[in-house]
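In: Test case, fold it:
(chains A, B, C and D, ligands or ions: 4)
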Number of protein chains: 2
Amino acid sequence: MDAKQKFEQFVASEGLRRTGQRTKVLDVFLATERHVTVQELHDLVRKKHKGIGYATVARTVKLICESGLCRQVDFGDGALRYEHKYDHEHHDHLICVECGKFEEIYSPKLEKLQHELVRKYDYVQKSHKLDIFGLCPECAKKNAQKTT
Amino acid sequence: MDAKQKFEQFVASEGLRRTGQRTKVLDVFLATERHVTVQELHDLVRKKHKGIGYATVARTVKLICESGLCRQVDFGDGALRYEHKYDHEHHDHLICVECGKFEEIYSPKLEKLQHELVRKYDYVQKSHKLDIFGLCPECAKKNAQKTT
DNA sequence: GGAGTATTTGATAATGATTATCAATAGCAC
DNA sequence: GTGCTATTGATAATCATTATCAAATACTCC
Ligand SMILES: [Mn+2]
Ligand SMILES: [Mn+2]
Ligand SMILES: [Zn+2]
Ligand SMILES: [Zn+2]
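Out: Ligands and ions are numbered 1, 2, ... in the order given. Reported below is the predicted structural model:
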């Protein structure tokens, strides 16, 4: 089942309606691999479809999350971002605090350790968010030169 | 050197001025072990010192962070929170999404793994933020009963 | 101690992201 | 097609954070 089918199935199962706006927002979202804010996604949507409002984009991206195709991420820059989740392995982020560039990182060992920790506290794990902030190789080099 | 001394040293070294407001905000902040928002800290401050404004509290808690006594945390509930850093070991958070209760967790293994990952990507690590969301034992129990 | 100066303060406004409102529109069951 | 209800889009409300600015205050130098 592809992403669009999964979304339509979710919409149907929730008793929601199939609308042109929802389809178009989903298409635009699926067509980018960026980690977009609602504002950015709205801008992308309006390039193709003039009439769609900000509120609709905001509401739809939330629906997409609920359907399991999308995940909220927070890089700490003031606005929530959304990224693909379907057909994408879970990962965390390594973010450059200078230029905003980031890497998607994953370590099964790290995930396993987390689960062990959670179990130790008798919690039931739902999700987690690991963001590592630092300097990318380029920015690290620049900074090293500055201090010289 | 205790926390208050460290703050005064920071203020002096930055060429800033020693004011009654800054001292009072710091005192109130040090007197709680909670993870407070600016709003909450302002409320606490005003219980003792009526005249101190929100903006001053917001500015001062930032200063306290810069001085190394305080750390920003984000539990994803809409407002940034601040917690003690001085005389407190680094730790991450395990947060109950139902009731907001949380545990402070720490694993040297986990920290080490992170550093290895960062090195693999040639990044220079500055900080990291790991928040695990789940259900605390009590809320997990309640939820289990509901589904029964 | 007092004058001069730059910082700090607190009330208020500005900003920006998110959420709520509501009349008009459109999907869906019949 | 009709009727009912969800959805939409423009706009306003909300809320945290940041900016503004005149008045108050801390600090330096005498
Ligand atoms: Mn990603
Ligand atoms: Mn903590
Ligand atoms: Zn960079
Ligand atoms: Zn709980």
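In: okay, CA-based contacts and neighbour counts for the rest of this
Out: Will do.
In: tell me the contacts of A:Leu44?
Out: With contacts defined as Cα atoms under 8 Å, 6 or more residues apart in numbering or on different chains, A:Leu44 is in contact with A:Val28.
In: Give me the local confidence score for it.
Out: A:Leu44 carries a pLDDT score of 97 in this model.
In: same thing with A:Arg71?
Out: So A:Arg71 comes in at 93 (pLDDT).
In: Just confirm it is within a strand.
Out: Yes - remark: A:Arg71 belongs to a strand, assigned using DSSP: H, G, I helix; E, B strand; the rest coil.
In: Give me the nearest residue to the residue nearest in space to the middle of chain A, chain neighbours excluded.
Out: For chain A, the residue nearest the mean C-alpha position is A:Glu83 (2.3 Å; Cα atoms, centre = their mean). Leaving aside its chain neighbours, A:Glu83 sits nearest to A:His35 (4.8 Å; criterion: Cα to Cα, 6 or more residues apart in numbering or on different chains).
In: Next: A:Phe10.
Out: A:Ser67 (5.7 Å).
In: What number of residues are in the vicinity of A:Glu14?
Out: By the measure other Cα atoms under 10 Å in any protein chain shown, the count of residues near A:Glu14 is 10.
In: Next, it: phi, psi?
Out: phi -90, psi 0 (degrees, to the nearest 10).
In: Who are the contact partners of it?
Out: A:Glu14 touches nothing, counting by Cα under 8 Å, 6+ apart.
In: State the distance from it to ligand 4.
Out: As for A:Glu14, its distance to ligand 4 is 27 Å (criterion: Cα to the ion, to the nearest Å).
In: ditto for A:Arg18
Out: Plainly put, A:Arg18 is 36 Å away from ligand 4 if you go by Cα to the ion.
In: Please apply the same query to A:Thr32.
Out: For A:Thr32, the distance to ligand 4 - Cα to the ion - is 37 Å.
In: Do you know the pLDDT at that residue?
Out: pLDDT at A:Thr32 comes out at 95.
In: ok, how many other residues are close to the residue nearest to A:Phe10?
Out: The local packing of A:Ser67 (other Cα under 10 Å) involves 19 other residues.
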